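[1] Below are the sequence and a predicted model; questions follow.
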Amino acid sequence: MADSDAGHDPQTRLVTGGRREEWTGIPGQPGRVVNPAVWHASTHLYPDCAALAAGVRSNEDGKFFYGRRGAPTQWALADALTALEPGAAGTMLYPSGLAAVAFALLAVLRPGDEVLISDNGYDPTRNLGTGWLKDWGVVATYFDPLDLAGFPALIGEKTRGVLLETPGSLTMEVPDIPALAAAAKERGLAVVLDNTWASSLGLPAIAHGANLAIMALTKHVGGHSDLMLGSVTATAEYLPALRKAAQALGQVAAPDDCAMALRGLRTLGVRLERQSASALAIARWLEARGEVARVLCPMLPGSPGHEIWARDFKGGCGLFSFVLKGGDAAARARLIDALDLFGIGYSWGGYESLAIPIDPARDRSIMAWPPADMDPADRFAVRLSIGLENVDDLIADLDRGFAAMAAG
Ligand SMILES: *Cc1c(COP(=O)(O)O)cnc(C)c1O
């Protein structure tokens, strides 16, 4: 339970979160089970008409009403996620991470408003700016989140929110979130932060300035590449609008997926620790390879963004990228196709390793790729999601990949 957890370390909250007595026991009976049961429910029953009428009014989690407002399985997951974010008032769940992003924006924007979106963000998120948001009468401006000095000038009369992501998808830039958030809040903007990479464990997002903190639970919290879910954890100021949008537009997460996400959450800390350690070891190994122009891994000393990562983050994860020295798409494909242990596919944060080719230039409009301090020929990049395999086996696999790349 969130309140009794207040004094505990986040690692402990991963274990205790969401396990309230009323979700793990039977009223009037001693004893309880460890995990909240999976409640499949559309209809919630009431003792009488007066209770039915009262239920409609008590619009909050933890109160029975109707399946669209969830039942104890969803409440337990939301409760456990809220407990991980100091300063949070509550969490809403969504059937995917992208739905969480969309509904965080819906909660703070209205037609006629303007929103600032990090240019290096997750591409389906970026696409909202030129697609659905535009159709809905919201003007999105893409900006370089590393340009702190230029940021205040982007905020206009109609700007209502800023959507940040750290590190940036694909290329892993680490913006100064506390500074950007402070500048945004000074002008009354809602600060929306996609915190999927580090999770609340690695970056308590609200404590670092976010009003609405998003996680694609599909990634680390699920952790086993077998579910899609998203969450938005919000401050008291923004939770009512978030709840209103989710309920009015019918956002509900399936109980089985929530139960799997809760199971994933229990081991999030150890998985992230192990995946971060392996990723760092692999990043160091890649850094020493002649075929690699640059490793984009904020956890790696000397890598872009490392200083801010070391200042703000309590942890990392297994996701990072590297840029090949010269070459072409075919050479990169030879490398990736030769890997045995790395699957080729989207998403990340599972227990198994993945590798994909990335072409950042395609998904940004104002930030240069490759960045100005790199040779323009060095632009073919690979993104790795490091899983729980033995790290030496993964390195041997990559070594095989480089050999295949060289063989032509
Ligand atoms: C994957 C991802 C999302 C979207 O999550 P889905 O569950 O796949 O919809 C959002 N933000 C980031 C940073 C992601 O990597």
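    Looks like it arrived, so ask away. Numbers count the residues shown, from 1 in each chain.

[2] Show me where the protein has its strands.
    90-94, 114-118, 139-143, 159-165, 190-194, 212-216, 230-234, 292-296, 319-324, 354-358, 381-385 (DSSP state E).

[3] Please name every helix or strand in contact with the third one.
    Using 3 or more C-beta pairs under 8 Å, 6 or more residues apart in numbering; DSSP states H and E as the contact definition, the elements that strand 139-143 packs against are strand 114-118, helix 123-130. All C-beta atoms are positioned from the backbone trio N, CA, C, and that covers glycine.

[4] before we move on, back to that, quick check: which of the strands of the chain is nearest to residue 153?
    strand 139-143 (9.9 Å; C-beta to C-beta).

[5] Out of the helices and strands packed on strand 139-143, which one sits most buried?
    Of all the helices and strands packed on strand 139-143, strand 114-118 has the most neighbours on average by mean count of other C-beta atoms under 10 Å, namely a mean of 24.

[6] what's next to it, contact-wise?
    105, 109, 125-126, 128-129, 133, 138-143, 145, 154-156, 158-165, 168, 175, 184, 189 (C-beta atoms under 8 Å, 6 or more residues apart in numbering).

[7] Now residue 21. Nearest residue, chain neighbours left out?
    Nearest residue to residue 21 in three dimensions, chain neighbours excluded: residue 32, at 6.2 Å (C-beta to C-beta, 6 or more residues apart in numbering).

[8] Identify the bridge partners of that neighbour.
    Assessed by DSSP bridges, residue 32 has beta-bridge partners residue 25.

[9] Tell me who's in contact with the closest residue in space to residue 329 that isn't next to it in sequence.
    Using C-beta to C-beta, 6+ apart and skipping residues adjacent in sequence, the residue nearest residue 329 is residue 380, 6.3 Å away. Going by C-beta under 8 Å, 6+ apart, residue 380 touches 323-324, 327-329, 331-332, 357.

[10] Just the buried ones from these?
    323-324, 327, 331-332 (16 or more other C-beta atoms under 10 Å).

[11] end-to-end on stretch 361-379?
    Start to finish, the residues bounding stretch 361-379 are 9 Å apart (C-alpha to C-alpha, to the nearest Å).

[12] which stretches of the stretch 101-250 of the chain form helices?
    Per DSSP state H, counting those that start in this stretch, the stretch 101-250 of the chain carries helices over the ranges 123-130, 132-135, 177-186, 199-202, 239-248.

[13] highest average neighbour count across the ones you listed?
    Of all the helices of the stretch 101-250 of the chain, helix 199-202 has the most neighbours on average by mean count of other C-beta under 10 Å, namely a mean of 25.

[14] what's that helix packed up against?
    Packed next to helix 199-202, using 3+ C-beta pairs under 8 Å, 6+ apart, are helix 10-16, strand 212-216, helix 268-287.

[15] Columns pLDDT and distance to the ligand on top of the buried ones among the contacts of residue 380, output as CSV?
    Supplementary listing: these in CSV, determined by pLDDT from 0 to 100; distance: C-beta to the nearest ligand atom, whole Å:
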residue, pLDDT, distance to the ligand
323, 98, 19
324, 98, 22
327, 95, 26
331, 98, 26
332, 98, 21
